[in-house]
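*Asks:* I would like to see how this sequence folds:
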Amino acid sequence: MEVRYTKHFLNKLEDLFSETAYQLRYEKGSFNSGYCILRNTKVAVVNKYYTTEGKINCLIDILKKINLEENSLGYKNQKLYLSLFQTKIEL
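*Replies:* Numbering: from 1, shown residues only. Below you'll find the predicted structure:
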């Protein structure tokens, strides 16, 4: 899937994130990668001063790193998740 760096796409990712066990917060901070994952409390913190593109890239990276049950997502969010991380194998 081609990632679009728009506010609308960011809202879709935030909606997908709301169905996970993790709480998403935008805070100021000097994170080396632009975000921080607190696994024990299931909180993901993204630098609030990032651009829309930066926030989208951080959310995609976080979604790659956390264990997410695809079946626990709603249909639209499951479709978005699979389209983001589905790899095509060509022979």
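
*Asks:* Show me which helix or strand of the chain is least confident by mean pLDDT.
*Replies:* In the chain, no helix or strand scores lower on mean pLDDT, DSSP states H and E than strand 35-38, which sits at a mean of 86.

*Asks:* list the buried ones in the helix or strand just after that strand?
*Replies:* The helix or strand immediately downstream of strand 35-38 is strand 43-47, counting by DSSP states H and E. Within strand 43-47, the residues scored as buried using 16 or more other CB atoms under 10 Å are 44-47. (C-beta placed from N, C-alpha, C; glycine too.)

*Asks:* wait, which of these is closest to Ile62?
*Replies:* For the buried residues of strand 43-47, the residue nearest Ile62 by CB to CB is Ala44; the value is 5.1 Å.

*Asks:* Give the pairing partners of the least confident helix or strand of the chain; include direction for each.
*Replies:* In the sheet, strand 35-38 lines up against strand 43-47 (antiparallel) (DSSP bridges).

*Asks:* What lies in contact with the strand it pairs with?
*Replies:* 17, 22-29, 31, 34-38, 54-55, 58-59, 62, 66 (CB atoms under 8 Å, 6 or more residues apart in numbering).

*Asks:* next structured bit after it?
*Replies:* Taking DSSP H and E, what comes next after strand 43-47 is helix 52-65.

*Asks:* What helices and strands are in contact with the helix or strand that that following helix is followed by?
*Replies:* Scanning forward in sequence from helix 52-65 by DSSP H and E, the next helix or strand is helix 75-85. For helix 75-85, the elements it packs on are helix 7-18, helix 52-65, judged by 3 or more CB pairs under 8 Å, 6 or more residues apart in numbering; DSSP states H and E.
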